[in-house]
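# got a sequence here, can you model it:
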Amino acid sequence: MSANALDRDVVTVRDVRHFYHKGGSSDLLVLDHVDLTLHDNEIVSLLGRSGSGKSTLLRIIAGLMPASEGRVAIRERLVSGPAPDVAMVFQSFALFPWLTVLDNVEIGLEAQGVPAPERRRRALAAIDLIGLDGFESAYPKELSGGMRQRVGLARALVVHPAVLLMDEPFSALDVLTAETLRTDLLDLWCEGRMPIRAMLLVTHNIEEAVLMSDRILVFSSNPGRVIAEIKVTLPQPRNRLDPAFRQIVDDIYARMTARAVGNAPKEGGFPGTGIGMILPHVSTNLLAGLMETLSGPPYDGRADLPALASALQMEVDELFPIAETLQLLRFAEVEGGDIHLTDAARRFATGGVDERKRLFAQNLMAYVPAVSHIRRILDDRPSHKAPRARFQDELEDFMSPEFADRTLHAVISWARYGEVFAYDEGAGVFSLENPS
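The predicted model follows:
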């Protein structure tokens, strides 16, 4: 490889794997054989749902945590500890509330030992660049969410990093504020006014990825793997209504839904099998609402997911878990970027309260192994009771404590709705007190 080629590779990730250590149990694989190259003068998005390890990978690249296996380099220098050529912008703003805007922006330079006059000059320039001139003496509590994220961007840019890492930087903002900040950032990038060579963006918003990126890497979930690389060659600024733009969005939806169906046709898009299946905590109100929406006009039981997401003003991380839970329960089929209701879902949508509960309980017991497992244990015990810890420990043999807790929350909520079993939160006990 030539020196010029090396110079174009700002970030290289090779065969990275990462495990979550669970004490005496088997380790949970979070990232599996991930390869990634970020070239000079490009924006790459990491797109995927929760549990795909995107944020974990970003922290590994930044040197905030080590990979279990593999190699990460920034401009051909191996990363071992916090990388000096990297700056990171977080979803939560991560500002110091007791410091002014100017002090928050200066703090990274102070940590680098930059003299005070130079710190102030560079911080003021970054504040001006990002559109916050006049707010230097304000405190974070005085700023809107969009302004606080601008401070986070200024603090990242002021250290003149080679690569800017962004972990869902717009997801905590309202739609209009996010759009304004996203547009301003792209304008600065396209005009060459930012002191960085490349950007790596973690997002679960498909349209955001297509709007901003030169390339999109689509990740699977649990463990995270790169399952597709999509080049976006549309000129900036991009128009969401452009047919070519919509086609790329549709193609990504189709890839993501086809992957889920292809991997696990009997369990929807969720990883694991049997009681080890990781479940999202999707409320029964959302499940019922989507079935009702799809059963009526203009959908008549079938919809294109991108169009449905746009109509409902939902992002992929919000819509996919609902659609895939309906698929898991055999109330819908999801494939090729489309969703269509089954006959059971149509009966649910038109049924009364008792009929809905009966249908839901029937499919819940038939297609969610954790629910039928808990019900079987309760049926077999003379007391018809069992502690939550018993099932929590079982689930943690297959997944992290966080996913086990989330899965149990889903199971409890769905079982309560279907009156399959009861749960006493205060005592932490499952029982058959409510079901007939």
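
# what strand or helix carries the residue nearest to Val11 when sequence neighbours are not counted?
Excluding the flanking residues, the one nearest Val11 by Cβ to Cβ, 6 or more residues apart in numbering is Leu38, at 3.8 Å. No exception for glycine: its C-beta is placed from N, CA and C like everyone else's. Taking DSSP states H and E as the criterion, Leu38 maps to strand 28-39.

# can you pull the buried residues of that strand?
Leu28, Leu29, Val30, Leu31, Asp32, Val34, Leu36, Leu38, His39 (16 or more other Cβ atoms under 10 Å).

# quick one: distance of it to the chain centre.
Mean C-alpha position of strand 28-39 versus that of the full chain (Cα atoms, centre = their mean, to the nearest Å) differs by 16 Å.

# ok, now stretch 412-428?
That offset, for stretch 412-428, works out to 28 Å (Cα atoms, centre = their mean).

# would you map the strands across the stretch 251-400 of the chain?
Listed in chain order, the strands of the stretch 251-400 of the chain (DSSP state E, counting those that start in this stretch) span 302-304, 332-335, 338-341, 385-387.

# strands paired with the second one, and their directions?
To tie it back to what came earlier, the one meant is strand 332-335. Strand 332-335 pairs in its sheet with strand 338-341 (antiparallel), by DSSP bridges.

# tell me the mean pLDDT over the strand it pairs with?
Here strand 338-341 scores 88 as its mean pLDDT.

# quick one, what contacts Ala332?
Ala332 makes contact with Met291, Leu294, Ala323, Leu326, Ile339, His340, Leu341, Thr342, Ala345 under the criterion Cβ atoms under 8 Å, 6 or more residues apart in numbering.

# list just the nearest of the residues you listed to Ala111.
Ala323 (45.1 Å; Cβ to Cβ).

# ok, residues contacting stretch 97-115?
Contacts for stretch 97-115 (Cβ under 8 Å, 6+ apart): 87, 95-96, 118-120, 122-124, 126-127, 132, 135-141, 143, 151, 154-156, 158-159.

# touching the strand holding Leu38 from outside, list them.
8-20, 22, 44, 53, 56-57, 60, 67, 70, 163, 198, 200, 217, 223-226, 399-400.

# same thing but 7 Å
8-20, 22, 44, 53, 56-57, 163, 198, 200, 217, 223-226, 399-400 (Cβ atoms under 7 Å, 6 or more residues apart in numbering).

# now which of those would you call buried?
Counted by 16+ other Cβ under 10 Å, those give 8-13, 16-20, 44, 53, 56-57, 163, 198, 200, 217, 223-226, 399-400 as buried.

# helix or strand for Gln91, which one?
Under the criterion DSSP H and E, no helix or strand holds Gln91.

# before we move on, the earlier item: where strands are concerned, which of the contacts of strand 28-39 count?
9-20, 44, 163, 198, 200, 217, 226 (DSSP state E).

# pLDDT weak spots in the stretch 151-300 of the chain?
258-273 (pLDDT under 70).

# let's see it at 90
Along the stretch 151-300 of the chain, the parts satisfying pLDDT under 90 run over 151-164, 166-197, 202-208, 218-228, 236-243, 246-247, 249-283, 295-300.

# so where do the strands sit in the stretch 51-200 of the chain?
Applying DSSP E, counting those that start in this stretch to the stretch 51-200 of the chain gives strands spanning 69-74, 77-78, 86-89, 163-167, 198-203.

# nearest to Gly426, of these?
That would be, of these and by Cβ to Cβ, strand 163-167, which comes in at 36.3 Å.

# what are the pairing partners of that closest one, and which direction each?
For strand 163-167, pairing defined by DSSP bridges yields strand 86-89 (parallel), strand 198-203 (parallel).

# so which of those strands is nearest Val353?
Closest among the strands paired with strand 163-167, using Cβ to Cβ: strand 198-203, at 39.1 Å.

# which SS state does the nearest residue to Ser283 once chain neighbours are set aside fall under?
Leaving aside its chain neighbours, Ser283 sits nearest to Ser413 (6.6 Å; criterion: Cβ to Cβ, 6+ apart). Judged by DSSP: H, G, I helix; E, B strand; the rest coil, the three-state class of Ser413 is helix.
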